[in-house]
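Peer 1: fold the stuff below for me.
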Amino acid sequence: MFDTLSERLRRTLAGLTGRGRVTEADVDAAMREIRLSLLEADVNFKVVRDFVARVRERAVGAEVLESLTAGQQVVKIVNDELVALLSAGDRTFHLSGSPAVISLVGLQGAGKTTLAAKLARHAVKLGRRPILVAADPYRPAAADQLQTLGKALDVPVHRAAVGTPVLDIVRGGIEAARRQTRDTVILDTAGRLSIDEALMAEIRAIDEAVHPVETLLVVDAMTGQEAVSVAQAFVAAVPVTGLVLTKIDGDARGGAALSISAVTGVPVKFLGTGEKTDALEVFHPDRLAGRILGMGDILTLVERAEEVVDARDAAKMEEKLRTSQFTLGDFLDQLQQVQKMGPVGQLMGMIPGMGGMAKEAQAAVDRGDLAHVEAIIRSMTARERREPAILNGARRRRIAAGSGTSLTDVNRLVKQFGEMQKLMKQFSGGGGRRGAATALLGRR
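Peer 2: Predicted coordinates:
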């Protein structure tokens, strides 16, 4: 979502960092580019104006302009102010109460039902015992969807007969939670195609009846400034405690994500980064700012890796890398682990200095480059994966036919794997893995 904005900001700030000393005119030129970049990304005009004014005020101070590292200091100021812009309110996800009641509100199509399942999964990781409540009496399909998601997660779902009043559904869900010793209740409430008083009255009634510890407004980040307008209307009418931006992995311009907290004063607590139930991130302003400015987000990358990589398997792989025993079969395993962590372009954006390659990396995946590599390796015998030196012409032609690729593709993979093995002797541990990945995938 932030690719275009990130690229422009990185380019603008790179012009400053390469100079050392900068003049006030240099700062003004950079501020003009930053202003245009933010406006083109659909960031709210007032937010842009205030942001640029704060950055300029700090950047033209004597301490900065007279410094030998002025360009780097300006970049730090931009980063600090971007973090401040995203940091409104208390971002803590509260789970107090017996049970803790979380109410999800928003318009139809924002992704409330999917988010309910994502939050249930998140609650389980926190050691909680959640229950999902289908509190939308107007769309039976919503309850069916929630039931399916709950079953996949092994989380119970409370639903009532068609026509049951909303408050009865909600109270029934809380009673079910107590009977089943569930300590977290997640309410998937009804939405509308547009904001109306009946919707707001229903949400207020739920709040007054069960006093949710969190009322999270689910907003579709793909809708741009319309998302900000929707958030303002909800915040003015109901006691919203936090925001969740969904579809953050889309290709919209991203301005809503940068504007919404500054305009409403309500904190963003989570980001929905995909359709799967594990595609939910706790919102960290400093991490998002780092991604946007190309500084990476190593902490989130490590957290994702810890979720999908077993520590013992990681230790075994490190030993293989260190002793140059890494095979094509091992590489296939690593590819599968990486893909479990999320879209490759997203992962590249989290590595410092690699943000500019995120689009290229994702494009390679979209073209099917990784799928071709997987198909080629899967078409090999166990011995061929261990000992690629035995791959003569006949074997390579068989592998190409079996994988639906060309002989050229097979030859290239084998050649690049040989180069990777040479790199193994120069690197150890994580360094070796990075070098290997670059050798094998970076030239496709």
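
Peer 1: packing partners for the helix or strand hosting Ala84?
Peer 2: In this structure, Ala84 sits in helix 70-86 according to DSSP states H and E. Counting contacts by 3 or more Cβ pairs under 8 Å, 6 or more residues apart in numbering; DSSP states H and E, helix 70-86 packs against helix 3-17, helix 24-40, helix 45-59, helix 62-65, helix 255-264, helix 285-292. Where C-beta positions appear, they are placed from N, C-alpha and C, glycine not excepted.

Peer 1: could you say what helices and strands the last one packs with?
Peer 2: Based on contacts counted as 3+ Cβ pairs under 8 Å, 6+ apart, the elements that helix 285-292 packs against are helix 3-17, helix 70-86.

Peer 1: now the strands for the stretch 101-250 of the chain?
Peer 2: Taking DSSP state E, counting those that start in this stretch as the criterion, the stretch 101-250 of the chain contains strands spanning 130-135, 157-158, 184-189, 214-220, 242-246.

Peer 1: what is the mean pLDDT for the first one?
Peer 2: For strand 130-135, mean pLDDT rounds to 94.

Peer 1: tally of neighbours for Ala25?
Peer 2: Residues within reach of Ala25, counting by other Cβ atoms under 10 Å, total 8.

Peer 1: quick one: it from Leu16, how far?
Peer 2: Computed as Cβ to Cβ, to the nearest Å, the Ala25 to Leu16 distance reads 12 Å.

Peer 1: over to Ala257?
Peer 2: 25 Å.

Peer 1: one step back: mind putting the helices and strands packed on helix 285-292 into TSV with distance to Glu275, mean pLDDT and mean neighbour count?
Peer 2: Converted to TSV, the helices and strands packed on helix 285-292 look like this (distance: least, Cβ to Cβ, whole Å; pLDDT from 0 to 100; neighbours: other Cβ atoms under 10 Å):
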stretch	distance to Glu275	mean pLDDT	mean neighbour count
helix 3-17	19	74	18
helix 70-86	24	82	20
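
Peer 1: just send those helices back as CSV, with distance to Gly418 too.
Peer 2: Output for these, formatted as CSV (distance: least, Cβ to Cβ, whole Å):
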stretch, distance to Gly418
helix 3-17, 34
helix 70-86, 41
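
Peer 1: and those: which comes nearest Leu328?
Peer 2: Taking Cβ to Cβ as the measure, these were each checked against Leu328, and helix 3-17 came out nearest at 32.3 Å.

Peer 1: distance between the closest one and the chain's centre?
Peer 2: Remark: helix 3-17 is offset 21 Å from the chain centroid, using Cα atoms, centre = their mean, to the nearest Å.

Peer 1: what angle sits between that helix and helix 24-40?
Peer 2: Here helix 3-17 points in a direction 180 degrees away from that of helix 24-40 (axes from the mean of the first three to the mean of the last three Cα atoms, to 10 degrees).

Peer 1: and helix 3-17, what does it pack onto?
Peer 2: With contacts defined as 3+ Cβ pairs under 8 Å, 6+ apart, the secondary structure elements packing on helix 3-17 are helix 24-40, helix 70-86, helix 285-292.

Peer 1: one step back: out of the helices and strands packed on helix 70-86, which is the most enclosed?
Peer 2: helix 255-264 (a mean of 25; mean count of other Cβ atoms under 10 Å).

Peer 1: for the residue most central in space within the chain, give me the pLDDT.
Peer 2: Centre of the chain computed as the mean C-alpha position; nearest residue by Cα atoms, centre = their mean is Thr273, 4.0 Å away. Per-residue confidence (pLDDT) for Thr273: 83.

Peer 1: can you count the residues close to Gly329?
Peer 2: Gly329 has 15 neighbours, counted by other Cβ under 10 Å.

Peer 1: quick check, it in contact with Glu374.
Peer 2: No - shown here, Gly329 and Glu374 do not form a contact pair, counting by Cβ atoms under 8 Å, at 11.5 Å.

Peer 1: closest one to Ile186 among the helices and strands packed on helix 285-292?
Peer 2: Taking Cβ to Cβ, helix 70-86 is the member of the helices and strands packed on helix 285-292 nearest to Ile186, at 25.2 Å.

Peer 1: distance from that closest one to the middle of the chain?
Peer 2: Relative to its chain's centre, helix 70-86 lies at 22 Å (Cα atoms, centre = their mean).

Peer 1: what angle separates it from helix 45-59?
Peer 2: Orientation note: helix 70-86 sits at an angle of 140 degrees relative to helix 45-59 (the same axes, to 10 degrees).

Peer 1: start the count at 37 instead of 1 going forward.
Peer 2: Sounds good: first residue 37 from here, last item helix 106-122.

Peer 1: got the angle for helix 106-122 vs helix 291-300?
Peer 2: Computed by the same axes, to 10 degrees, the angle separating helix 106-122 from helix 291-300 equals 70 degrees.

Peer 1: how far off helix 321-328 does helix 106-122 point, in degrees?
Peer 2: Computed with the same axes, to 10 degrees, the direction of helix 106-122 lies at 130 degrees from that of helix 321-328.

Peer 1: surely His408 is in contact with Ser439?
Peer 2: Yes - contact criterion Cβ under 8 Å: His408 and Ser439 qualify, at 7.3 Å.

Peer 1: which residues do these two both contact?
Peer 2: Listed as contacting both His408 and Ser439 by Cβ atoms under 8 Å, 6 or more residues apart in numbering are Asp445.

Peer 1: any low-confidence regions in the stretch 137-286 of the chain?
Peer 2: Applying pLDDT under 70 to the stretch 137-286 of the chain picks out residues 286.

Peer 1: average model confidence for the strand or helix carrying Arg448?
Peer 2: Counting by DSSP H and E, the secondary-structure element that holds Arg448 is helix 443-460. Mean pLDDT, helix 443-460: 81.

Peer 1: go on, stretch 367-377?
Peer 2: Mean pLDDT, stretch 367-377: 73.

Peer 1: how about it: buried residues?
Peer 2: In terms of neighbour count (16 or more other Cβ atoms under 10 Å), stretch 367-377 has its buried residues at 367-368, 370-371, 373-374, 377.

Peer 1: dump the helices and strands packed on helix 39-53 into CSV; add distance to Gly142 as well.
Peer 2: Below are the helices and strands packed on helix 39-53 laid out as CSV (distance: least, Cβ to Cβ, whole Å):
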stretch, distance to Gly142
helix 60-76, 25
helix 106-122, 20
helix 321-328, 21
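
Peer 1: please report the distance of the residue lying closest to Ile113 once chain neighbours are set aside from Gly208.
Peer 2: Nearest residue to Ile113 in three dimensions, chain neighbours excluded: Arg94, at 4.8 Å (Cβ to Cβ, 6 or more residues apart in numbering). The gap separating Arg94 from Gly208 is 55 Å, by Cβ to Cβ.

Peer 1: thanks again, I'm all set now.
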